[in-house]
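A.B. asks: This is the structure alone, sequence omitted:
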């Protein structure tokens with residue numbers, strides 16, 4: 001479990017990031033390549049991202065350098081996601097360059113206790129090697145994060161509005177209680193569970209910076225070193241398992257979702273849970289592509305799905321409202337599921 005210990009001063013100094021943190025988004029997006037968990041939420045990003053990495057000639061650098069440095073594990077080095085990243089990508093990259101060599105060495109040693117670290121990464125204690133890493137991070141961001149920035153920015157803007165309502169209704173404690181199901185406010189502590197390690201962070205007047213993240217899935221996440229400025233990174237998404245919609249108690253009658261939307265449209269909505277092209281949605285619903293297009297248009301107009309074009313392909317995925325509708329469907333095996341949290 002992760003615990004943040006608050007004083008009255010800490011509550012007054014708790015705030016929400018005003019913009020995405022590009023280095024945390026890089027870290028979390030690299031985790032998306034390492035697991036199929038939550039793939040439905042990123043289906044419109046995943047395929048084009050892999051193609052852009054190929055076109056940019058970055059696949060080798062990602063395998064040799066980035067994936068070993070950003071493993072989907074209980075730990076990766078704190079110096080890779082400095083607080084300066086809240087000021088933008090270049091400010092964050094400059095902070096990585098300026099990291100003291102002894103800090104880099106200590107954090108790489110900590111990483112080696114969790115996963116195997118390629119020997120060549122030991123050179124990161126040298127500024128020249130970190131400059132090469134910064135170039136790779138910049139190129140990776142340009143290839144797979146920058147093309148998606150509009151959705152990242154819109155998601156953060158929506159989240160800030162949501163949290164503002166919690167703040168207005170319940171003060172800072174209301175804001176903290178509204179972060180998500182894995183976070184619980186137990187005065188004077190904010191508890192995150194489950195969490196891969198036992199960690200107590202005493203804020204001691206520093207406050208807490210909340211950083212909503214588009215690409216974070218198995219979260220929330222914090223820095224490992226309690227002496228660093230306290231942050232909590234958490235996911236903007238909620239996982240929806242991709243089981244078929246069924247009727248209550250296994251009956252043969254229609255589910256409430258089918259009654260509301262119709263059988264075919266409900267099936268199209270379910271297909272979007274794993275990310276689906278129009279052809280895939282049509283096959284899932286047992287209708288023609290033209291009919292599936294009619295259903296996706298209606299679902300998109302209702303705010304239940306979003307559609308993104310990549311070349312000649314349109315990929316449909318759930319919005320948060322659509323995911324909520326599926327998880328709330330009475331009698332559906334989706335009911336009762338929410339965010340799945342675990343290691344970073």
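C.D. replies: Yep, it's here. Being a predicted model, the structure only gives us computed values, none of them experimental.

A.B. asks: How is residue 4 classified with respect to secondary structure?
C.D. replies: Three-state call for residue 4 (DSSP: H, G, I helix; E, B strand; the rest coil): strand.

A.B. asks: Distance-wise, check it relative to residue 109.
C.D. replies: 26 Å (C-beta to C-beta, to the nearest Å). Every residue, glycine included, has its C-beta placed from N, CA and C.

A.B. asks: more neighbours, these two?
C.D. replies: Neighbours per residue (other C-beta atoms under 10 Å) separate residue 4 from residue 109, with residue 4 holding more: 24 against 12.

A.B. asks: how near is the more buried one to residue 24?
C.D. replies: Distance, residue 4 to residue 24, by C-beta to C-beta: 18 Å.

A.B. asks: swap in residue 304?
C.D. replies: For residue 304 relative to residue 24 (C-beta to C-beta), the value is 28 Å.

A.B. asks: My reading is that residue 201 lies in a strand. Confirm?
C.D. replies: Yes - counting by three-state DSSP, residue 201 is located in a strand.

A.B. asks: Report how many residues lie close to it.
C.D. replies: 22.

A.B. asks: contacting residues around it?
C.D. replies: 2, 3, 4, 5, 222, 226, 230 (C-beta atoms under 8 Å, 6 or more residues apart in numbering).

A.B. asks: pLDDT at the closest residue to the fourth one other than its chain neighbours, what is it?
C.D. replies: Once its chain neighbours are removed from consideration, residue 5 has its nearest residue in residue 202; the separation is 4.6 Å (C-beta to C-beta, 6 or more residues apart in numbering). You'll see residue 202 listed with a pLDDT of 97.

A.B. asks: how close does residue 263 sit to residue 285?
C.D. replies: For residue 263, the distance to residue 285 - C-beta to C-beta - is 8 Å.

A.B. asks: more crowded one of those two?
C.D. replies: Taking other C-beta under 10 Å, residue 263 and residue 285 do not tie; residue 285 has more neighbours (22 against 16).

A.B. asks: what secondary structure does residue 307 sit in?
C.D. replies: With three-state DSSP as the criterion, residue 307 reads strand.

A.B. asks: buried ones in stretch 293-307?
C.D. replies: Neighbour counts using 16 or more other C-beta atoms under 10 Å place 293, 295, 296, 299, 300, 304, 305, 306, 307 of stretch 293-307 among the buried residues.

A.B. asks: scratch that, stretch 303-323
C.D. replies: Those would be 304-308, 314-320, 322-323, for stretch 303-323 by 16+ other C-beta under 10 Å.

A.B. asks: which residues are contacting it?
C.D. replies: With C-beta under 8 Å, 6+ apart, stretch 303-323 has contacts from 40-44, 47-48, 151, 236-238, 240, 268-269, 271-273, 275-278, 281, 296, 299-300, 325-326.

A.B. asks: So which of those sit within strands?
C.D. replies: 276, 277 (DSSP state E).

A.B. asks: Buried subset of the contacts of stretch 303-323, written for PyMOL?
C.D. replies: Per 16+ other C-beta under 10 Å, the buried members of these correspond to this PyMOL selection:
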select buried, resi 40+41+42+43+44+48+236+237+238+240+268+269+271+272+273+275+276+277+278+281+296+299+300+325+326
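
A.B. asks: Out of the contacts of stretch 303-323, which sit inside helices?
C.D. replies: With helices taken from DSSP state H, the overlap with the contacts of stretch 303-323 comprises 43-44, 47-48, 151, 268-269, 271-272, 278, 281, 296, 299-300, 325-326.

A.B. asks: ok, so of those residues, who is nearest residue 173?
C.D. replies: residue 325 (29.4 Å; C-beta to C-beta).

A.B. asks: Distance-wise, check the closest one relative to residue 277.
C.D. replies: 21 Å.

A.B. asks: What of residue 79?
C.D. replies: 40 Å.

A.B. asks: Low-confidence stretches in the chain?
C.D. replies: Residues of the chain meeting the criterion pLDDT under 70: 237-255, 274, 310-311, 320, 327-344.

A.B. asks: circling back: as TSV, the buried residues of stretch 293-307 with distance to residue 62 would be great.
C.D. replies: Output for the buried residues of stretch 293-307, formatted as TSV (distance: C-beta to C-beta, whole Å):
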residue	distance to residue 62
293	35
295	37
296	33
299	34
300	33
304	34
305	30
306	27
307	28
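
A.B. asks: Closest to residue 14 out of those?
C.D. replies: Closest to residue 14, out of all of the buried residues of stretch 293-307 and judged by C-beta to C-beta, is residue 306, at 30.8 Å.

A.B. asks: what's the spacing between that closest one and residue 289?
C.D. replies: Counting by C-beta to C-beta, the gap from residue 306 to residue 289 is 19 Å.

A.B. asks: which stretches of the stretch 201-344 of the chain form helices?
C.D. replies: Using DSSP state H, counting those that start in this stretch, the helices of the stretch 201-344 of the chain run over residues 256-261, 263-272, 278-285, 289-301, 320-327.

A.B. asks: Let's have the ones you listed in JSON lines, adding distance to residue 133.
C.D. replies: JSON lines is the format used below for the helices of the stretch 201-344 of the chain (distance: least, C-beta to C-beta, whole Å):
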{"stretch": "helix 256-261", "distance to residue 133": "48"}
{"stretch": "helix 263-272", "distance to residue 133": "37"}
{"stretch": "helix 278-285", "distance to residue 133": "38"}
{"stretch": "helix 289-301", "distance to residue 133": "40"}
{"stretch": "helix 320-327", "distance to residue 133": "35"}
